[in-house]
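**Student:** Here's a sequence, model it:
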Amino acid sequence: MTSLAARLAPFLPRRLVAATARALYPRFEPELARLAELCPQGCGTAVDVGGWYGPWTHRLAGRAEHVVAIEPVPHLARLLAAAAPANVRVVRAAASDRPGIARLWLPAGDSGDRGVSSLVRREIHGRALEVPSVTLDELGLRGVGFIKIDVDGNEPAVLRGATGLLARDRPALFVELESRIQPIAPVVTYLTLLGYDGWVLPGDTWVPLAKFPLEDHQARASHVVSHGLLRRVLPTPLLRGPRYVNSVLFLPDGRRPGTAPVGDDGSHALRKAPR
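**Tutor:** Got it, this is the predicted structure:
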């Protein structure tokens, strides 16, 4: 996600770093500032997969009746739990497609504050720690209206572990997809088969993913990733540079951003998920 937290964490209290990250994050990820278009008011349960310092967890707590934040890094999970609103439950585990124990990979010298830990090892990772792994289906969640997934490459496994939940509740999904980490097409194809369409926010207007060449955009704007959070939250585009789109809003059954789900006629229950 960013190197700012990793640079500040050794010198400042982690709670202060976390509060700063939460305050700045809507500029870094402007979709968060438009949460009402992603997670309608009155959402029963929202899930934050990859809680980090909690920028999504805390804002979701103001819109959903219940929030479940899933975070595998031990000290980040403790920090989330200590600062979480009363309607938030923190699960200290990594979401995947099977329960058990998994290897969480981190860069050498990083304790998790950079937000780039993953169950999928990349060249940036130099060490691993064992963490519990869970599937979303096994958590017994009900009335799920929104799921945010940011797990640096393990998105397909998280989605496979939520197949039953997706078929039953038809939640909106906000998924980070990075072509520099893994191909985007398999996730898009999988969710298309489940009846989901993608939307992106490259400017002020939502655009169908089918009309936005996301991988080409990311290739052209890949240099922005190295800027880190500090530069990317500067107040004007002239100072902070171009927008780098790396997350997709997936909505089921013909929904569009900013519209509430229609009444459930149960038709999606007959749709078979791909194996």
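
**Student:** List the beta-bridge partners for Trp199.
**Tutor:** Residues in a beta bridge with Trp199, per DSSP bridges, are Pro208, Leu249.

**Student:** what about it, neighbour count?
**Tutor:** Number of residues near Trp199 (other CB atoms under 10 Å) recorded here: 23. (Each C-beta comes from the backbone N, C-alpha and C, glycine too.)

**Student:** what's the answer for Cys39, then?
**Tutor:** So Cys39, with other CB under 10 Å, has 22 neighbours.

**Student:** Kindly report the same for Pro156.
**Tutor:** 17.

**Student:** now do the one 5 residues further on
**Tutor:** Residues within reach of Gly161, counting by other CB under 10 Å, total 23.

**Student:** who are the neighbours in contact with the residue lying closest to it once chain neighbours are set aside?
**Tutor:** Nearest non-adjacent residue to Gly161, counting by CB to CB, 6 or more residues apart in numbering: Thr135, 3.2 Å away. By CB atoms under 8 Å, 6 or more residues apart in numbering, the residues touching Thr135 are Ala95, Ser96, Asp97, Arg98, Pro99, Gly161, Ala162.

**Student:** Show me the residues you listed that map onto strands.
**Tutor:** Mapping the contacts of Thr135 onto strands (DSSP state E) picks out Ala95.

**Student:** Tell me the one of the contacts of Thr135 nearest Asp169?
**Tutor:** Nearest to Asp169 among the contacts of Thr135, counting by CB to CB, is Ala162 at 9.6 Å.

**Student:** Could I get the contacting residues of the closest residue to that closest one other than its chain neighbours?
**Tutor:** What sits nearest to Ala162 in space, not counting adjacent residues and going by CB to CB, 6+ apart, is Leu136, at 3.8 Å. For Leu136, the contacting residues are Val47, Val49, Ala95, Ile147, Val158, Gly161, Ala162, Leu165, by CB under 8 Å, 6+ apart.
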